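Participant: Quick one, fold the following:
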Amino acid sequence: MLPARKLRTRTGGKFFPNPAQARLRVVHMHHSKPEPLGRVRLISTDFDGTIHDEGAPEAVPAALQRRLAELQQGGVVWAINTGRDLCSLLEAMVQAEMFVRPDYVVAVEREIYRWDGEGFRPVEPWNQQCREDHAALYQRTAPGFRVLHKQLRGRFDAHFYQDDWSPLAVVARSNLQMDEIQLVLEDFCRTEGGLSAVRNDVYTRLSHHGYSKGTALREIARLHDLTPAEILAAGDHFNDLPMLDRQHAARLVSPSNAIAEVKAHVQQQGGFIAQGRSGLGILEALSG
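Facilitator: Below you'll find the predicted structure:
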């Protein structure tokens, strides 16, 4: 997992219990018509796989961009809620030739930035508190991390490293190997307390359990005095699960390319499963 560049398989923002078992919890999908947007005043979308598909003729569909711009002109706030860091996201937006700009960016599933007309500025005191909380947690758990590193390296031939976002990040050789590693990380998180194992596909890192796409979305909603009934959230992978929850957003959406666990999670809460992939699927949800 390289947090500076979020790949097609992305890091999660929430500890997801035993992904090997989670893959078994799949329900039959059926498509429905999207509800009219009505009271929606805040839209939170993941980036990679949700509105952006680098393999598509248009990485971010122009029709979706026009619709988002139209909604913004009508007073709707739009946030890109991503696992990428801010620089990586902005680079990807340029490469995708995006002509619409979000009002907010949630980067690395925890830091919040707001567009002020000239650039994206940190939202404070949120970002500072986020950094302090992570630093304190990582310092407290440092002895355990050293033991964990040694244990993992002795058992698995995966790639283990640390970076600016986590004292432990893992790239496994396969999903089966990551299933085994994840079990070890889950035990470690339960023992140490305050940590979440943040997994997506063969990538994992450890993070403070109090910060996720969901809690960041809640903070943006607080800044605008909005309730969950006025919020729509859209995502496709494990890291989107914290915001794909009715405690944060009453309207939940996933594109057709979302992983089965996300589709099941959204459908079980009465959300909308689009027929289109990525940005075209989100456009379906915003057509009302």
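
Participant: List the buried residues in stretch 222-230.
Facilitator: Neighbour counts over stretch 222-230 (16 or more other Cβ atoms under 10 Å) mark 226, 228, 230 as buried. The way it works is simple: take the backbone N, C-alpha and C, and place the C-beta from them, glycine included.

Participant: cool, and stretch 196-213?
Facilitator: Within stretch 196-213, the residues that qualify as buried are 196-209, 211-213, counting by 16+ other Cβ under 10 Å.

Participant: Next: stretch 172-182.
Facilitator: By neighbour count on 16+ other Cβ under 10 Å, the buried set for stretch 172-182 is 172, 178-179, 181-182.

Participant: just stretch 48-65 next, same as before
Facilitator: Using 16+ other Cβ under 10 Å as the test for burial, stretch 48-65 gives 48-53, 58-61, 64-65.

Participant: Also stretch 87-98?
Facilitator: Neighbour counts over stretch 87-98 (16+ other Cβ under 10 Å) mark 88-90, 92-93, 96, 98 as buried.

Participant: on that earlier part again, let's see which of the buried residues of stretch 196-213 end up in strands.
Facilitator: Members of these lying in strands (criterion: DSSP state E): 196-200, 203-208.

Participant: how about the CA coordinates for the top helix by length along the chain, as PDB?
Facilitator: As assigned by DSSP state H, the longest helix anywhere in the chain is helix 175-192. Presented in PDB, the C-alpha positions along helix 175-192 are these (Å, rounded to 0.1, in the frame of the first residue of the first chain):
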ATOM      1  CA  ASN A 175      -5.400 -12.100  -0.800                       C
ATOM      2  CA  LEU A 176      -5.100 -15.500   0.800                       C
ATOM      3  CA  GLN A 177      -1.900 -14.400   2.500                       C
ATOM      4  CA  MET A 178      -3.400 -11.100   3.500                       C
ATOM      5  CA  ASP A 179      -6.300 -13.100   5.100                       C
ATOM      6  CA  GLU A 180      -3.800 -14.700   7.400                       C
ATOM      7  CA  ILE A 181      -2.000 -11.500   8.100                       C
ATOM      8  CA  GLN A 182      -5.200  -9.700   8.800                       C
ATOM      9  CA  LEU A 183      -6.100 -12.200  11.500                       C
ATOM     10  CA  VAL A 184      -2.800 -11.400  13.300                       C
ATOM     11  CA  LEU A 185      -3.400  -7.700  12.900                       C
ATOM     12  CA  GLU A 186      -6.900  -8.000  14.300                       C
ATOM     13  CA  ASP A 187      -5.600  -9.700  17.400                       C
ATOM     14  CA  PHE A 188      -3.000  -7.000  17.800                       C
ATOM     15  CA  CYS A 189      -5.600  -4.200  17.500                       C
ATOM     16  CA  ARG A 190      -7.800  -5.900  20.100                       C
ATOM     17  CA  THR A 191      -4.800  -6.300  22.500                       C
ATOM     18  CA  GLU A 192      -3.500  -2.700  22.100                       C
END
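
Participant: quick revisit: could you dump the buried residues of stretch 48-65 to a markdown table with distance to R155, secondary structure and pLDDT?
Facilitator: Formatted as a markdown table, those follow (distance: Cβ to Cβ, whole Å; DSSP: H, G, I helix; E, B strand; the rest coil; pLDDT from 0 to 100):
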| residue | distance to R155 | secondary structure | pLDDT |
| --- | --- | --- | --- |
| D48 | 30 | strand | 94 |
| G49 | 31 | coil | 94 |
| T50 | 34 | coil | 97 |
| I51 | 38 | coil | 98 |
| H52 | 36 | strand | 98 |
| D53 | 36 | coil | 96 |
| E58 | 44 | coil | 97 |
| A59 | 39 | coil | 98 |
| V60 | 41 | coil | 98 |
| P61 | 44 | coil | 98 |
| L64 | 44 | helix | 98 |
| Q65 | 47 | helix | 98 |
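
Participant: quick one: which of those residues is nearest A250?
Facilitator: Nearest to A250 among the buried residues of stretch 48-65: T50, at 18.3 Å, using Cβ to Cβ.

Participant: With adjacent residues omitted, what lies nearest to the closest one?
Facilitator: Closest residue to T50 apart from its sequence neighbours, by Cβ to Cβ, 6 or more residues apart in numbering: D236 at 4.9 Å.

Participant: hang on, the earlier thing: closest to A142 out of the ones in strands among the buried residues of stretch 196-213?
Facilitator: Using Cβ to Cβ, the shortest approach to A142 within these belongs to L206, at 11.9 Å.
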